[in-house]
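Student: Sequence isn't available, so here's the structure alone:
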Ligand code: NAD
Ligand code: DAU
């Protein structure tokens, strides 16, 4: 539990990314008494356009910097005397972790340890009302078969370089709690979707490809299952856990919303046909089965009973409502989409999907 009523300096890392930008916006609006410092190095996934509507808030500061830079962290922790850290900065894309695992070791493991050190040193004398909140993923638990759910007690069993790096960072956070008494809380969340999602991940990539009439590359047989949560509901859960969660605890966060990829893609195609006034069945013709992701986890599903019972959290929108809000946002923010899909994105797409034999060309109608 941490106090909300008084002035506090809160550091949010990765605040220019997908989930981070929703967390920054929520905290700026809900807690005008806080000063929110957004620390982000602006990788391909970081985009200050995500925060245009709030960047002039008097209680907001952007700090451009790298969590790998210990000196920089030391300076900003000394200067701003943070009371809380909400750590979202990460390399977050499984496919990229397969081509460049070391980037994930650096940012997700070493970067997290650097932040832990800076927090431990700053709060050495007084840990009262201080909190290190580490945002993690359900992927640390590995894969489920057809049955069962991940609970907070499921043993860690990560299968990709991404999930191995996140699992490692979770272990470091716990170890700093045990060894140095650092007050922490960890949440492990399922797949997010919503506005500002970088179009490398399934839902925004497929929305963009449907708009552009390009193939929809479904990995393997499409029977992989994910549990989807609207990003603003994740931000609400983060707010709740930051303020009301118990020190040294983990909470799982999920959408109560499992979908096989192929069923999700068909629903998305149907909604996009309606939004784009295309004949029903037009977008689903773009579905193309391609070479699978190596080490592809079959199924993730979260038991979010603990956060529900202890803190009263539940998702506020259904999947259909959330998807419609998401599609509308992308259709209304074509400029954002154009900016993030120019330049390096084209190179990434070419490299990642060429080896899966997916053409970049639009399919002629
Ligand atoms: P994202 O890739 O959209 O954003 C990551 C942000 O971190 C970017 O703004 C990037 O510039 C910044 N960053 C990366 N390396 C950095 C560094 N070295 N120093 C400073 N900033 C750096 O990620 P996301 O999808 O918003 O995920 C945020 C967090 O939530 C991650 O820790 C991820 O593991 C976790 N998570 C994501 C999901 C999901 O579905 N997206 C689900 C569960 C947990
Ligand atoms: O479960 C939480 C995790 O969800 C987060 O920790 C990660 O940061 C986030 O990226 C996400 O990981 P996934 O690997 O599940 O997300 P992605 O959108 O990459 O893929 C979702 C599913 O869709 C997965 O089964 C792979 C499949 N897929 C993905 C892409 C990009 C395809 O079939 N085709 C594609 O082109």
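Tutor: On my side now, so go ahead. All values derive from a computational prediction rather than experimental measurement. Residues are numbered from 1 along each chain as shown. Ligands and ions are numbered 1, 2, ... in the order given.
Student: With the flanking residues excluded, which residue is spatially nearest to whichever residue of the stretch 201-350 of the chain sits closest to ligand 1?
Tutor: Here the residue of the stretch 201-350 of the chain nearest ligand 1 is residue 201; by Cβ to the nearest ligand atom that distance is 6.8 Å. All C-beta atoms are positioned from the backbone trio N, CA, C, and that covers glycine. Of all residues not flanking residue 201 in the chain, residue 93 sits nearest, at 6.9 Å (Cβ to Cβ, 6 or more residues apart in numbering).
Student: got the residues of the protein near ligand 2?
Tutor: The chain has residues 92-94, 137-139, 190-191, 201-202, 205, 217-219, 224, 226, 261, 293, 300 near ligand 2, with proximity defined as Cβ under 6 Å from any ligand atom.
Student: since we're on residue 33, how many residues are nearby?
Tutor: The tally of other residues near residue 33 (other Cβ atoms under 10 Å) stands at 11.
Student: ok, the residue nearest to it when sequence neighbours are not counted to ligand 2 distance?
Tutor: Of all residues not flanking residue 33 in the chain, residue 7 sits nearest, at 5.4 Å (Cβ to Cβ, 6+ apart). Applying Cβ to the nearest ligand atom, to the nearest Å, the value for residue 7 to ligand 2 is 33 Å.
Student: what's near enough to touch residue 7?
Tutor: Counting by Cβ atoms under 8 Å, 6 or more residues apart in numbering, residue 7 touches 33-35.
Student: Tell me the pLDDT of it.
Tutor: Residue 7 is assigned 87 on the pLDDT scale.
Student: In contact with residue 9, which residues?
Tutor: With Cβ under 8 Å, 6+ apart, residue 9 has these contacts: 34-35, 37, 80-84.
Student: nope, residue 271 is what I was after
Tutor: So residue 271 contacts 323-324, 327 (Cβ under 8 Å, 6+ apart).
Student: element containing it?
Tutor: Here residue 271 sits within helix 261-275, counting by DSSP states H and E.
Student: Then residue 232?
Tutor: Counting by DSSP H and E, residue 232 is part of helix 231-244.
Student: That helix packs against which elements?
Tutor: Packing partners of helix 231-244 (3 or more Cβ pairs under 8 Å, 6 or more residues apart in numbering; DSSP states H and E): helix 18-30, strand 84-87, strand 131-137, strand 184-189, strand 191-193, strand 249-253, helix 305-311.
Student: Just the mean pLDDT for that helix, thanks.
Tutor: Averaging pLDDT residue by residue across helix 231-244 gives 98.
Student: Can you list the low-confidence ranges for this protein?
Tutor: Across the chain, the stretches falling below the confidence threshold (pLDDT under 70) are 1-6, 359-365.
Student: Show me where it has its strands.
Tutor: Secondary structure of the chain (DSSP state E): strands at 8-13, 34-40, 60-64, 84-87, 131-137, 184-189, 191-193, 216-219, 225-230, 249-253, 258-260, 287-290.
Student: Paired strands for the first one, with orientation please.
Tutor: It refers to strand 8-13. Under the criterion DSSP bridges, strand 8-13 sits next to strand 34-40 (parallel), strand 84-87 (parallel) in its sheet.
Student: Let's have those strands in JSON lines, adding mean neighbour count.
Tutor: Formatted as JSON lines, the strands paired with strand 8-13 follow (neighbours: other Cβ atoms under 10 Å):
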{"stretch": "strand 34-40", "mean neighbour count": "24"}
{"stretch": "strand 84-87", "mean neighbour count": "24"}
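Student: Among the ones you listed, which comes closest to ligand 1?
Tutor: Nearest to ligand 1, of these and by Cβ to the nearest ligand atom, is strand 34-40 at 4.6 Å.
Student: wait, does the closest one contact ligand 1?
Tutor: Yes: counting by Cβ under 6 Å from any ligand atom, ligand 1 has neighbours in strand 34-40: residue 40.
Student: Please find the angle between the direction vectors of that strand and strand 60-64.
Tutor: For strand 34-40 against strand 60-64, the angle by axes from the mean of the first three to the mean of the last three Cα atoms, to 10 degrees is 20 degrees.
Student: Residue 293 against residue 218, yeah?
Tutor: No: applying Cβ atoms under 8 Å as the test, residue 293 and residue 218 come out as separate, 10.9 Å apart.
Student: Neighbour count for these two, which is higher?
Tutor: Higher neighbour count among residue 293 and residue 218: residue 218, with 20 against 15, using other Cβ under 10 Å.
Student: Show me the beta-bridge partners of the more buried one.
Tutor: According to DSSP bridges, beta-bridge pairing links residue 218 with residue 289.
Student: so what's it up against?
Tutor: With Cβ under 8 Å, 6+ apart, residue 218 has these contacts: 261-262, 265, 287-290.
Student: Neighbour-wise, give me the winner out of the residues you listed.
Tutor: Neighbour-wise, the contacts of residue 218 (other Cβ under 10 Å) top out at residue 265, 22 neighbours.
Student: I appreciate the help and will end here.
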